[in-house]
Structures are given as C-alpha cells and as structure tokens.
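Just need the structure, nothing else, for what follows:
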Amino acid sequence: MTGPPEAAREASGPAASGRGRFGRWRDQTVALGWLVVVWNLLWGDINWANVAGGLLVGGAVLVFFPLPAVSFGGRLRARGMLVFAARFGVELVSASLHIARIAVQPGYRPRGAIIAVRLRVPTDLNLALTAEAVSLVPGTLILEVDRDSGTLYLHVLDTHGPADLDVARERTRAVERRIVRAVGSAAELRRVETDRSERGTRP
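Coordinates of the predicted model:
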C-alpha cells in the first residue's frame, strides 16, 4: 500500500527540488534588482557606475546579511511598472518642490503628524516595497512596520488637520496599489481593486 505514494514522491522529488531552487534564485534576483534601484535612487543619478556599485553592494548584502526568505507569488507587468515609475517620479518632484518652499518660507513652522496605515496586502514583500517607496518621497518617513497586522507607521510633514492625514493615508494606499499592479499576483490585484471600488477613490 505504500508503493505508489513512495514512487510518486520519488518521481516528483527532483522536479520539486528544481522548482524550489528556481524559486529561490528568482526571489534573490528580484531582491537584488530592488536593491540596485534603491541604491541609484539614494545617489540621485542613474549611470553605469551606480548600477555596478548597486550590484556589488546588493550582492554583498544578500551574501553576508541574508534576509528572511520572502516568496514572490506575483508576476511582473510592464505597464504597471511603467505607471509606477512615472507616478513615483511625479510625486518625487512635487514633494521636493513642496519641501523646498517650506525651507525658504520665512517664519513658517510646519506641523508633523504620525499616522498608521494598514495595507490591504500584508505580505513581507509588499510591506517592504511600499515602505521603501513611501520613504524615498521627501516629507514622509517610515517609523515602524508592524509585520503581524501589515501596518505602516509613518511621520508626515506639514499637516494642517484631519483632512491632510486622510490624504496621506490614501496616498500610501495608492502607492501600494500601484506596486501590486506592477508585481502582485492576481489575487492581490483583486484585493486592492475591490477595496478601491468600495472606497470610490481615484488611483
């Protein structure tokens, strides 16, 4: 009675092992790619030297400081990635101009606030990507990530009332939505789109 299951395991063992190795290599490649992107954004210039430096630094981080295993169950969507990059660039320029105006405005003292934003897709990968993207925009800083509840705690600069806090929360959820549209799975995409339709908000 144990023959068929054992034979099935023997037959599927190498294939499953191969898929596991492929999955690990794929996840490492995705992580390295994002580290290179973050490295170039931190330098503020994309060139061959920064790309090479990002590959070296990212490779060293993955080898000497291995991160917990983060599975990638989605798929890359070219259109979603282009939309994310374009909107991120617009928000980066807009926020930079806003911070510059605050810096040169005489006598103006901006008020900050700390808000909590619970994401719709509480996976490790989505938490990390959303936190990185939000932190790179001037005026917003991630203070803590609650992995269990999928919540980001962030400091927002220049707030004047509850309406500004709601705008900051929706802006963070919009970043998450664009990331899921770029690299999320079909189930994750349905989750953020359903939430968007229920809220009746713009992308």
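
wait, what's in contact with the residue nearest the centre of the chain?
By CA atoms, centre = their mean, the chain has its centre lying nearest to L129, at 1.5 Å. Going by CB atoms under 8 Å, 6 or more residues apart in numbering, L129 touches 34, 179, 183. Every residue, glycine included, has its C-beta placed from N, CA and C.

R111 versus that one, what's the distance?
29 Å (CB to CB, to the nearest Å).

per-domain residue ranges of the chain.
Domains of the chain are assigned by automatic domain parsing as 1-72, 74-203.

And the next helix or strand past the one helix or strand in the chain whose mean pLDDT sits lowest?
Within the chain, no helix or strand scores below helix 3-43, which has a mean of 65 by mean pLDDT, DSSP states H and E. Counting by DSSP states H and E, the next helix or strand C-terminal to helix 3-43 is helix 48-64.

what's the model's confidence in that next one, averaged?
When pLDDT is averaged over helix 48-64, the result is 89.

Next, the buried residues of it.
By 16 or more other CB atoms under 10 Å, the buried positions in helix 48-64 come out as 50, 54, 58.

Pick the one among those residues closest to A103.
N50 (26.5 Å; CB to CB).

how much space between that closest one and G107?
N50 is 39 Å from G107, by CB to CB.

would you list the contacts of L129 in JSON lines and tack on neighbour count?
Converted to JSON lines, these look like this (neighbours: other CB atoms under 10 Å):
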{"residue": "W34", "neighbour count": "17"}
{"residue": "I179", "neighbour count": "25"}
{"residue": "V183", "neighbour count": "22"}
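
quick check, nearest of these to R77?
Distances from R77 to the contacts of L129, taken by CB to CB, are shortest for V183, at 7.3 Å.

what comes into contact with stretch 145-160?
98-99, 102, 110-119, 121-124, 127, 130-131, 134, 139-144, 164-165, 168, 172.

wait, stretch 53-61
31-32, 35-40.

which of these sit farthest apart?
A31 and N40 (15.3 Å).

Looking at these two, which is more packed in?
A31 (19 against 16; other CB atoms under 10 Å).

Does that one touch L62 like I think?
Yes - if you go by CB atoms under 8 Å, A31 and L62 touch, sitting 6.3 Å apart.

coming back round to it: mind putting the buried residues of helix 48-64 into CSV with distance to A85?
Output for the buried residues of helix 48-64, formatted as CSV (distance: CB to CB, whole Å):
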residue, distance to A85
N50, 17
G54, 16
G58, 19
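
one step back: for the domains of the chain, which one ends up most surrounded?
domain 74-203 (a mean of 15; mean count of other CB atoms under 10 Å).

So for that one, mean pLDDT?
Domain 74-203 shows an average pLDDT of 90 in the prediction.

Could you tell me how far it lies from the centre of the chain?
9 Å (CA atoms, centre = their mean, to the nearest Å).
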